[in-house]
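Peer 1: Have a look at this fold, sequence not included:
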């Protein structure tokens, strides 16, 4: 699940969220916003039964990303249908 909200600095905060344990193990979100570097944005468990990571970007940014689980398992956001070049796509407003 992707949530986009305004941050205090006038940027857009994009929060990437998955249920805890689906898939099991450690997961990071990897994409155009972090130069496709695994491990820079690990999803952290939250008290609501989900795990998440957030990034701040300027409004109008087009993000391409995928999730990377343990053992090199790449997967897409199950709630996001937009794709480009095999990646999930999210555009901030």
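Peer 2: Nice, I can see it. Remember, predicted model here, so these are calculated numbers, not experimental data. Numbering: from 1, shown residues only.

Peer 1: ok now stretch 72-87, how far from the chain's centre?
Peer 2: Stretch 72-87 sits 10 Å away from the centroid of its parent chain (CA atoms, centre = their mean, to the nearest Å).

Peer 1: now stretch 58-66
Peer 2: A distance of 10 Å separates the centroid of the chain from that of stretch 58-66, by CA atoms, centre = their mean.

Peer 1: mind listing what's buried in that stretch?
Peer 2: Buried residues in stretch 58-66, defined by neighbour count with 16 or more other CB atoms under 10 Å: 61, 63, 64, 65, 66. C-beta coordinates here come from the backbone N, C-alpha and C atoms, glycine included.

Peer 1: For the third one, give me phi and psi.
Peer 2: When read as degrees, to the nearest 10, the backbone of residue 64 gives phi -110, psi 140.

Peer 1: thought it was touching residue 88?
Peer 2: Yes: counting by CB atoms under 8 Å, residue 64 touches residue 88, with 6.9 Å between them.
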